[in-house]
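S.K.: make a model of this:
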Amino acid sequence: MTDPAESPAPLAPLARTRRLSADVVLYRSGAALARRLPQPVGAALTRAISRTAYRLLPERRFITERRLQRVCGPQLQGEALAEAVRASFESYARYWYDGARIGDLDDVEVEAGFSHQGFHHIQEAIDTGTAPILALPHLGGWEWAGTWMARIPGYPVISVVEPLKPARLFDWMVEERRRMGIDIVALGPDAVSVLIKSLRTGQVVCLLADRQVGRGGVEVEFFGERTLLPGGPATLALRTGAAILPTAVYQDGSNHRGVVLPPIPTERQGRLRADVTRVTQELARSLEQLISAAPEQWHLMQPNWPSDEAALQRFHQQRRGLDQSGDDDPQRRAKSERSGEQRVPG
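M.R.: Alright, predicted model coming up:
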């Protein structure tokens, strides 16, 4: 998102097409570079890119500060907060770097880079005849686990992604995930029926469950404030009998570590809508537990709670005031942006 006062004029159709084409080229080129660079060089370049993004994206920085204080508490302040935000940007950049190169790694490299805890919950669910639903936060690097699961134990994996524009970019990203062994279905009217069939034919369904995209959602309490989370995992489980397994994949040094929690109770107790709300609230509590183990790896850099929107408006108003004052000192500007803004959610 950008400051409305600084938003560019709408692009003409030709200019917009050229920019979209440039986006496709940029993603493809970045992925190709990540595959060719030696891992230490690629990791160092990724860290440098994350530091640049930290400096150039004040709105993302602001939302990340709020999110970290929401998880860790308002006592996270000053340089400790700034360091945690930088770590979040670095973790997110690494997610993209690892995702770009994992499709070219062989099975030995994929397995050597992954450890797991609680994997028996997945095996036990599959043994019932209906594959499980892995409900994950935007944290760490889940695609490494998806690749490992598809290649090593041989469990087919399917996930849902939001369609991207242009279509060529979406098609390329789908193909990249298929190279990892992860099947993809686009978020839309047909997604539910595809996922139900997938569960019943043994495909493990992976759903990101910590942020509602688009309309709908289920209102729950999540890290101290009511907000909307996706109702998809609960709805699928209640309709199919599939287990919901809260799962996170952490960046663990240069490797990855998957953690699978026990299944959430999904027995029918009443009307479907009430059951969906109850199960989604239980899932929210499990996601809190997983996220709290490594909050700096939570890649949630967009507003996710009602209070975020109001805080973001105040943030933009303050930045406009700084711009009008002509204060171009970056350290003083950053300090001023934080002053008076107690990031205690609510």
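
S.K.: so who does the most centrally placed residue in the chain touch?
M.R.: Central residue of the chain (CA atoms, centre = their mean): His138, 2.4 Å from the mean position. For His138, the contact set (CB atoms under 8 Å, 6 or more residues apart in numbering) comprises 208, 210-211, 298-300. For the C-beta atoms, the positions are set from N, CA and C on the backbone; glycine is no exception.

S.K.: do you have the helices of the stretch 201-346 of the chain handy? List them.
M.R.: Counting by DSSP state H, counting those that start in this stretch, one finds helices in the stretch 201-346 of the chain at the ranges 232-240, 272-292, 306-325, 330-338.

S.K.: which outside residues touch the first one?
M.R.: Same thing as helix 232-240. Among residues not part of helix 232-240, those counted as contacts by CB under 8 Å, 6+ apart are 130, 133, 135, 160, 192, 195-196, 199-200, 205, 207, 209, 218, 242-244, 264, 266, 268, 272, 275-277, 279-280, 283.

S.K.: name only those of these that count as buried.
M.R.: 130, 133, 135, 160, 195-196, 199, 205, 207, 209, 218, 242-244, 264, 266, 275-277, 279-280, 283 (16 or more other CB atoms under 10 Å).

S.K.: per-residue confidence for the nearest residue to the residue nearest to the centre of the chain once chain neighbours are set aside?
M.R.: Using CB to CB, 6 or more residues apart in numbering and skipping the chain neighbours, the partner closest in space to His138 is His299 (4.5 Å). At His299, the model reports a pLDDT of 95.

S.K.: which strands and helices lie in contact with the helix or strand hosting Arg47?
M.R.: Applying DSSP states H and E as the criterion places Arg47 in helix 39-56. Judged by 3 or more CB pairs under 8 Å, 6 or more residues apart in numbering; DSSP states H and E, the packing partners of helix 39-56 are helix 78-101.

S.K.: for the helix or strand following the helix it packs on, packing partners?
M.R.: Scanning forward in sequence from helix 78-101 by DSSP H and E, the next helix or strand is helix 107-112. Helices and strands touching helix 107-112, as assessed by 3+ CB pairs under 8 Å, 6+ apart, comprise helix 142-151.

S.K.: what angle do helix 232-240 and the next helix or strand after the helix it packs on make with each other?
M.R.: With elements assigned by DSSP H and E, the helix or strand that comes after helix 142-151 is strand 157-161. Relative orientation of strand 157-161 versus helix 232-240 (axes from the mean of the first three to the mean of the last three CA atoms, to 10 degrees): 130 degrees.

S.K.: just the angle between strand 157-161 and helix 142-151, please?
M.R.: With the same axes, to 10 degrees applied, the angle from strand 157-161 to helix 142-151 works out at 150 degrees.

S.K.: mind listing what's buried along the helix or strand that comes right after strand 157-161?
M.R.: Next helix or strand after strand 157-161 toward the C-terminus (DSSP H and E): helix 167-180. The neighbour-count check on helix 167-180 (16+ other CB under 10 Å) flags 169-170, 173-174, 176-177, 180 as buried.

S.K.: list of residues touching the following helix or strand past helix 167-180?
M.R.: Once the chain leaves helix 167-180, the next helix or strand it forms, by DSSP H and E, is strand 182-186. Residues from elsewhere that reach strand 182-186 (CB under 8 Å, 6+ apart): 143, 146-147, 150, 156-163, 170, 174, 177-178, 191, 194-195, 198, 203, 206.

S.K.: one more time with 7 Å, if that's ok
M.R.: With CB atoms under 7 Å, 6 or more residues apart in numbering as the test, strand 182-186 has contacts from 143, 146-147, 150, 156-161, 163, 174, 177-178, 191, 194-195.

S.K.: selecting buried members of these in PyMOL, what would you type?
M.R.: Here is the PyMOL selection string for the buried members of the contacts of strand 182-186, based on 16+ other CB under 10 Å:
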select buried, resi 143+146+147+150+157+158+159+160+161+174+177+194+195
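
S.K.: out of everything not next to it in sequence, what's closest to Ser115?
M.R.: Nearest in space to Ser115, with sequence neighbours left out and distances taken as CB to CB, 6+ apart, is Arg257 at 4.9 Å.

S.K.: for the one you found, list each beta-bridge partner.
M.R.: Ser115, Tyr250 (DSSP bridges).

S.K.: could you list the domains of this structure?
M.R.: Domain assignment for the chain by automatic domain parsing gives 4-102+299-338, 113-297.

S.K.: please identify the most buried of those.
M.R.: Burial of these is given as mean neighbour count (mean count of other CB atoms under 10 Å); domain 113-297 ranks first at a mean of 18.
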